[in-house]
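Asker: Show me how the following folds:
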Amino acid sequence: MAVNLFPPEPSEIYSVPGVVLGVAAANIRKPNRNDVLVVELALGSRVAGVFTSNRFAAAPVQVCRAHLAETNNIRALVVNTGIANAGTGEQGLQDAQETCRKVADIFDCSPMQVLPFSTGVIMEPLPMNRLLKGVEEAAKHLSRTNWIAAAEAIMTTDTVPKCVSQRVMLDDDEITITGISKGSGMIEPHMATMLGFIATDVAIGQDLIGKVVKMVADASYNRITVDGDTSTNDSFVLISTGCSNARPIESMDDPRFDDLLDSL
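Answerer: Reported below is the predicted structural model:
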């Protein structure tokens, strides 16, 4: 069980301009619990990620890497819990891609602009009919305030949803940073078995955000160990919507950079 870790207080979790989230119960593995998360990002958002070092990367990780290599214009994320879509071969890749196509149809974007994530048991195929219906339902309930619900929807063996938020002053401008994560066992440096998503409304330069996400992971997730095991699905994503009034941060030479990095 979690030790000295308590559920987030709703009053302490802030929405991030440019991010809306929706959850739904698709009955992927357990009935009557939210197990699908859909996230829509504002046009112009920048996204970067780091992923598992496991040689047997799950299908969603492979698709995420391919999409991030092809475009810097990600518009949506989709996450399911219960089944990890790992060790599922070509069918697993097709299922991850089909999930992206479904989200793209809903948000009127390209499937390449969607990042898929899965977590749960391995070596089982996704129940695609239920998953796709869950995606449709989640997209009907998009809200800026759904962060805690999102943290709950991505849990597997976690006993407490993990969500944290803060507002930070960068010179005279206030920015918001909010993040969720899941992970309980199979935790070992080189990402640990987890999914993590952090969003901020300050604009981070496209050439910089990829460096920042690695720096943040190295200072946090890559220092954690529980049982010495890594996973096939480890993913950590940083989202910059650019919807704040703060000037963009384009390089590490910006005097505000260290404050931003510390906060992330």
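
Asker: only C-alpha atoms for contact and neighbour calcs from this point on.
Answerer: Will do.

Asker: Do you know the pLDDT at Asn233?
Answerer: The score at Asn233 is 86. That number is its pLDDT.

Asker: which residues sit in contact with Ser251?
Answerer: 205, 208, 257 (Cα atoms under 8 Å, 6 or more residues apart in numbering).

Asker: Buried among those residues? Need that as a selection in PyMOL.
Answerer: Selection of buried members from the contacts of Ser251 for PyMOL, criterion 16 or more other Cα atoms under 10 Å:
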select buried, resi 257
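
Asker: the strands in the chain, which residues?
Answerer: Using DSSP state E, the strands assigned to the chain run over residues 19-24, 36-41, 46-51, 76-83, 114-121, 162-170, 173-182, 195-200, 235-240.

Asker: Kindly reformat the ones you listed as CSV containing distance to Val135 and mean neighbour count.
Answerer: Below are the strands of the chain laid out as CSV (distance: least, Cα to Cα, whole Å; neighbours: other Cα atoms under 10 Å):
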stretch, distance to Val135, mean neighbour count
strand 19-24, 7, 26
strand 36-41, 7, 26
strand 46-51, 21, 23
strand 76-83, 8, 24
strand 114-121, 11, 24
strand 162-170, 22, 19
strand 173-182, 19, 20
strand 195-200, 18, 23
strand 235-240, 20, 24
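
Asker: which one of those lies closest to Leu68?
Answerer: Closest to Leu68 of the strands of the chain, according to Cα to Cα: strand 46-51, at 7.3 Å.

Asker: what bridges to the most centrally placed residue in the chain?
Answerer: Among the residues of the chain, Phe197 comes closest to the average C-alpha position under Cα atoms, centre = their mean, at 3.4 Å. According to DSSP bridges, Ile180, Val237 are recorded as the beta-bridge partners of Phe197.

Asker: give me every residue that touches it.
Answerer: Neighbour list for Phe197: 179-181, 236-239 [criterion: Cα under 8 Å, 6+ apart].

Asker: and Glu250, how many neighbours?
Answerer: Number of residues near Glu250 (other Cα atoms under 10 Å) recorded here: 15.

Asker: do the same with Phe6
Answerer: Counted with other Cα under 10 Å, residues neighbouring Phe6 total 11.

Asker: The strands of the chain into CSV, with extra columns for distance to Asp108?
Answerer: Converted to CSV, the strands of the chain look like this (distance: least, Cα to Cα, whole Å):
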stretch, distance to Asp108
strand 19-24, 15
strand 36-41, 11
strand 46-51, 18
strand 76-83, 10
strand 114-121, 11
strand 162-170, 29
strand 173-182, 26
strand 195-200, 22
strand 235-240, 20
